[in-house]
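> sequence plus the predicted model coming up.
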Amino acid sequence: TILAVRELDVGGGTNDDGRWQKMPQKLTEAYPYAFTVSYVERARQHRWRCSDVTFHCSDGALRQQWIQTIREQLTALTSRPKHLLVYINPYGGKQQGECIYEQKVAPLFACASISTDVIVTEHANHARDHLKTEAELKKYDGVVCVGGDGMFSEIVHGLVSRTQRDNGVDQNSPEEKLVPCSLRIGIIPAGSTDCICYATVGINDPVTSALHVIVGDSQPMDVCSVHHNNTFLRYSISLLGYGFYGDVLADSERKRWMGPARYDFSGFKTFLTHHHYEGAVSFLPATDILGTPRDKTRCRAGCFICQHNGQLPNLCFCSIPEYEVGWGVVRGKFLAINAASMSCACPRSPMGLSPAAHLADGTTDLILVRKCSRFNFLRHLLRHTSKDDQFDMTFVEVHRVRRFRFTPRHCQNDSELDLRENGKQLFSQICRDHPACSCSPAYSSWNCDGEILPHAAIEVGVHCQLIKLFARGIEEQPLFEDLANPPCAL
Ligand SMILES: Nc1ncnc2c1ncn2[C@@H]1O[C@H](COP(=O)(O)OP(=O)(O)OP(=O)(O)O)[C@@H](O)[C@H]1O
Ligand SMILES: CCCCCCCCCCCCC/C=C/[C@@H](O)[C@H](CO)NC(=O)CCCCC
Ligand SMILES: [Ca+2]
């Protein structure tokens, strides 16, 4: 895949980059007119690199003809972005965002003649609010986010909210069908987890991601809307987790100073605490789709299942009265309730929370882990790091759903109590009532893509292919490493 073409001044001794040319003098005399073509080269483990090849001609007119023809071909590729809006979080991950962008990404965009407007954020939600209200979106072919999953979530909230406002759609209604965003989003990974980047590209590498932006890749993605009592709370793209992942996040937020290691520390601590939570989960299974959460096939570039299911009508966002018939209910005590709209693969867990989940099939995998022993829960967790099936355990069930609701036990009959005000009081009350109990608190919190939600009772709906990324999904690994470098083609 060609990225760019430029003239090369052989006579001057240096090229555009200031590097010395090591051409034999006789050759440069015979063919003094040179041009350089930059192209994508595939490297190991889904990495892409930019490489150059130089061609020499004997006559200047011929060189101009080559350059002009290649440029015309590149201009005809309408999916490639020409003007981008870039947001950089200078405090994400190891605080390298600005440096990564300036050193690795900006030179590639310049080489591909992409112009940019760059905003270095000054506070949390700066990017979200700018996109929501101020940004002149018509000027751009896409938005680029330099940061982690939290920063990406800001961009999604900004773009989705703006699109709904511009189209007169009310986000507060859980039944409303949302309007898809037209601008694509590029993620340059510079955060702690970078799970969206990893699961859509196959690696967290800024250069690879920048090249996917330049070639104008497009990967649709599902987005979940989360509501409480007909009020919009947040959108989720990767994980909604109650119990274990909610508690890990709540604990790790108090330890931000530890950097990315806070998740390991809080993960270990939460595992030892071993709290379970009581409640009811009701869900609308996706019965009309291809694929199940136990499949051995994976969502990969050009995924047939996403293409097929993406064309099905989504019955939960249309004017038909609520489709209660097919709803299932599970009540009990849970160590974890997770909804994974995509695999959530990341370096910590290369297969992810739900290895067979799809990026753009209009469903989320609802994983219910019932109360079990610490030993069994550890076995379940450890299976996320190997090829073993983490769902093949008696206390785990998984459903592919279009919608679900969760109601914690203590507000199943009453209207929900205010968590902050009454949570502690309720906890001590329960302990007084049951002096010998294991003292699990009544409520956990929902981890929504790394943010804590303010309510435990929520209603979730999946919006099929609501956003698009500058990515193509994970490409199948070639069988032999030699095949990793196929001949270049335009
Ligand atoms: N200039 C800023 N100052 C402080 N916080 C910011 C700024 N810009 C963005 N943020 C916030 O920083 C949070 C973390 O950012 P990001 O996702 O880039 O990094 P991270 O280290 O991966 O964090 P996390 O693991 O929480 O996702 C985001 O939720 C975002 O809202
Ligand atoms: C005892 C051995 C245990 C091994 C278990 C490994 C299981 C790992 C599964 C990892 C799933 C990551 C899901 C990603 C969630 C992101 O939306 C979110 C935002 O970045 N990250 C977290 O909440 C950060 C939460 C990180 C939790 C680890
Ligand atoms: Ca999905």
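It's in. Ligands and ions are numbered 1, 2, ... in the order given.
> near ligand 2 at all, the host helix or strand of Met221?
Using DSSP states H and E, Met221 sits in strand 219-228. No. Legend: contact between strand 219-228 and ligand 2 by C-beta under 6 Å from any ligand atom is lacking; minimum distance shown is 11.7 Å. Placement of C-beta: from N, CA and C, glycine included.
> mind listing what's buried in that strand?
For strand 219-228, burial by neighbour count (16 or more other C-beta atoms under 10 Å) applies to Gln219, Pro220, Met221, Asp222, Val223, Cys224, Ser225, Val226, His227, His228.
> closest to ligand 2 out of those residues?
Cys224 (11.7 Å; C-beta to the nearest ligand atom).
> residue contacts, that closest one?
Contacts here follow C-beta atoms under 8 Å, 6 or more residues apart in numbering; on that basis Cys224 touches Tyr235, Ser236, Ile237, Leu240, Ala339, Ser341, Thr364, Val460, Gly461, Val462, His463.
> now do 10 Å
Applying C-beta atoms under 10 Å, 6 or more residues apart in numbering to Cys224 gives the contacts 234-240, 339, 341, 364, 403-404, 448-449, 460-463, 466.
> just His399 next, same as before
Contacts of His399 by C-beta under 10 Å, 6+ apart are 281, 283-286, 292-293, 328, 330, 339, 363-368.
> now with 8 Å, please.
Contacts of His399 (C-beta under 8 Å, 6+ apart): Phe283, Pro285, Pro293, Gly328, Asp365, Leu366, Leu368.
> buried among those residues? Make that a ChimeraX selection.
In ChimeraX syntax, the buried subset of these is picked out as below (16+ other C-beta under 10 Å):
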select :283,285,293,365,366,368
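> and Thr385, how many neighbours?
12 (other C-beta atoms under 10 Å).
> again with Gln311
Other residues close to Gln311 by other C-beta under 10 Å number 10.
> could you shift the numbering so residue one becomes 43, and keep it that way?
Happy to do that; since the first residue is 43 now, the last one works out to Gln353.
> need phi/psi at it.
Dihedral pair for Gln353: phi -90, psi -10, per degrees, to the nearest 10.
> report pLDDT for the closest residue to Ser195 other than its chain neighbours.
Counting by C-beta to C-beta, 6 or more residues apart in numbering, Asp491 is the residue found nearest to Ser195 once chain neighbours are left out, at 4.9 Å. Looking at Asp491, its pLDDT is 96.
> three-state assignment of the most centrally placed residue in the chain?
Among the residues of the chain, the one closest to the centroid is Ile238, at 2.3 Å (C-alpha atoms, centre = their mean). State at Ile238, reduced to three classes by DSSP: H, G, I helix; E, B strand; the rest coil: helix.
> how near is it to ligand 2?
According to C-beta to the nearest ligand atom, to the nearest Å, Ile238 stands 8 Å off from ligand 2.
> ok, the residue lying closest to Asp407 once chain neighbours are set aside to Ile509 distance?
Leaving aside its chain neighbours, Asp407 sits nearest to Ser396 (4.0 Å; criterion: C-beta to C-beta, 6+ apart). Noted for Ser396: a distance of 19 Å to Ile509, by C-beta to C-beta, to the nearest Å.
> who's more crowded, these two?
Ser396 (27 against 24).
> so what's that one up against?
If you count contacts by C-beta under 8 Å, 6+ apart, Ser396 has them with Pro335, Asn380, Ala382, Met384, Ser385, Cys386, Asp407, Ile409, Val440.
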